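Visitor: What follows is a predicted protein model with its sequence.
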Number of protein chains: 2
Amino acid sequence: MSLPHVLLGLLSGASASGWDLKQRLSRDPALGWDATLAQIYPALDRLFRGGFASVRTRRSSKGPPRREYRVTPAGLRELKTWLAEPPSRRRERDPGLARLALLEMLPAGERVALLHAMRDLASDALRSAPPGTSAARRRRRALLETEMAWADAEAAVILSRHPRASE
Amino acid sequence: MSLPHVLLGLLSGASASGWDLKQRLSRDPALGWDATLAQIYPALDRLFRGGFASVRTRRSSKGPPRREYRVTPAGLRELKTWLAEPPSRRRERDPGLARLALLEMLPAGERVALLHAMRDLASDALRSAPPGTSAARRRRRALLETEMAWADAEAAVILSRHPRASE
DNA sequence: CGGGAGTATATAACTCATTATATACTTTCC
DNA sequence: GGAAAGTATATAATGAGTTATATACTCCCG
């Protein structure tokens, strides 16, 4: 149940609308969370009804009226409680990796192709990753670099054992 | 919708029961997927009803009768189709990271504590990680090592700037 | 022989996430 | 003035994942 807390966190700097929050979440993957508007709007409404955020509707110069939320003192308390929780390892789910793990049963050529595709994804993500101005961003870059190095190394091993695998 | 495919993949080597599959999924995080029994049993039943797997009930020497599944030719075709799909980057969600990203607003001491906790989690996971006998396992180890190094480096930076932050 | 631990399957209730769809306001361009 | 694109909020339907609960078979220990 992280979304409401992440929203509180983003709101704690300055007030924002659901639309704004969505922009920030999807533009900075280093934030470690993302959600669709269909999740965000109800979540904001629950924060409001729970007394963790307040709302003000304001006319927008370029669209329908915006509902701008800000954190209440109760919201700030709740946020700090959440921030202080000890971390626990999540279940790591990754469809790409799941495929790779099973791919050992398929021909070398297909494994190499998948590794290249994974490498390219990591490389694209790295190119568009904001520079390392925060711990979270530096972590993301380091992990992406590791992933690229790993994919290259694995592909090289396969190719050295199956010289024709890239055809 | 990866679970059914992952199950087909695990089943493609040898027949197995839902219980067996759960053991394998939770014992090897490098598989990139996990699920609870409450997901696995209905999923296996759907695979069976879709003609992708067959079942045989067998008496067990240490419990109630086991329902052992195996992949059918149609299941194998479906599995191969899935394996050949191009990978796409998932939405990366990580409550621990999300907290860290927001923590920049809190005192240095709390940040260091969270970084230490994250480092310990990675370190524990690494200790209990099976050795790198597959590409997927090597990837997991590399990522965990990167995460440890990152957490150490970040903590060191904070401590050098706030000498009293560890109190 | 009764209870606990481990094995094994199953379903219900619930929460969380995704996809689809609807509405509406503003600016820009034709 | 009408269509398109971007901004903005909202809900319904569906799917995926978690938690809780129930049942049942075997072995072992006291």
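Guide: Sure thing, it's come through.
Visitor: just the helices in chain A please.
Guide: Using DSSP state H, the helices of chain A run over A:3-11, A:18-27, A:37-49, A:73-84, A:95-102, A:108-127, A:135-161.
Visitor: so who does residue A:4 touch?
Guide: A:43, A:46-47, A:52 (CB atoms under 8 Å, 6 or more residues apart in numbering or on different chains). The way it works is simple: take the backbone N, C-alpha and C, and place the C-beta from them, glycine included.
Visitor: In contact with the nearest residue to residue A:25 once chain neighbours are set aside, which residues?
Guide: Nearest non-adjacent residue to residue A:25, counting by CB to CB, 6 or more residues apart in numbering or on different chains: residue A:34, 4.8 Å away. Residues near residue A:34 by CB under 8 Å, 6+ apart: A:25-26, B:91-93.
Visitor: Tabulate the contacts of residue A:4 (CSV), appending pLDDT.
Guide: CSV is the format used below for these (pLDDT from 0 to 100):
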residue, pLDDT
A:43, 98
A:46, 97
A:47, 97
A:52, 97
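Visitor: I'd like to know which of those residues are buried.
Guide: The neighbour-count test (16 or more other CB atoms under 10 Å in any protein chain shown) marks A:43, A:47, A:52 as buried among the contacts of residue A:4.
Visitor: I'd like to know how far the last one sits from residue A:68.
Guide: Counting by CB to CB, to the nearest Å, the gap from residue A:52 to residue A:68 is 15 Å.
Visitor: Return the residues in contact with the closest residue to DNA strand C within chain A.
Guide: Here chain A gets closest to DNA strand C at one residue, residue A:38, 2.9 Å apart by CB to the nearest atom of the strand. Contacts for residue A:38 (CB under 8 Å, 6+ apart) come out as none.
Visitor: Find me the pLDDT at it, would you?
Guide: Listed pLDDT for residue A:38 reads 97.
Visitor: Check residue A:166 too.
Guide: 63.
Visitor: coming back round to it: greatest separation within the contacts of residue A:34: which pair is it?
Guide: The distance between the two most remote of the contacts of residue A:34 (CB to CB) is 12.5 Å, for A:26 and B:93.
Visitor: out of the two, which sits in the busier spot?
Guide: residue B:93 (18 against 13; other CB atoms under 10 Å in any protein chain shown).
Visitor: Which positions in chain A make contact with DNA strand C?
Guide: Within chain A, the positions near DNA strand C by CB under 7 Å from any atom of the strand are A:1-3, A:34-39, A:59-65.
Visitor: how about a cut-off of 10 Å?
Guide: A:1-4, A:6, A:33-43, A:46, A:59-65 (CB under 10 Å from any atom of the strand).
Visitor: PyMOL command for the buried members of these?
Guide: Typed into PyMOL, the line below selects the buried ones among those, using 16+ other CB under 10 Å:
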select buried, chain A and resi 2+3+4+6+33+34+35+40+41+43
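Visitor: rewinding a little: got phi/psi on the residue nearest to residue A:25?
Guide: When quoted as degrees, to the nearest 10, the phi and psi of residue A:34 stand at phi -150, psi 160.
Visitor: So what's the residue count around the closest residue to residue A:149 other than its chain neighbours?
Guide: Spatial nearest neighbour of residue A:149, excluding adjacent residues (CB to CB, 6+ apart): residue B:142 at 7.5 Å. Neighbours of residue B:142 under the rule other CB under 10 Å: 17.
Visitor: and residue B:142, what does it touch?
Guide: Contacts of residue B:142 by CB under 8 Å, 6+ apart are A:146-147, A:149-150.
Visitor: Just put the residues you listed in TSV and tack on pLDDT.
Guide: Listed next are these as TSV, based on pLDDT from 0 to 100:
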residue	pLDDT
A:146	97
A:147	97
A:149	98
A:150	97
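Visitor: OK, contacts around the nearest residue to residue A:97 once chain neighbours are set aside?
Guide: Closest residue to residue A:97 apart from its sequence neighbours, by CB to CB, 6+ apart: residue B:32 at 3.2 Å. By CB under 8 Å, 6+ apart, the contact list for residue B:32 reads A:92-101, B:136.
Visitor: Of those, which are in range of DNA strand D?
Guide: A:93, A:95.
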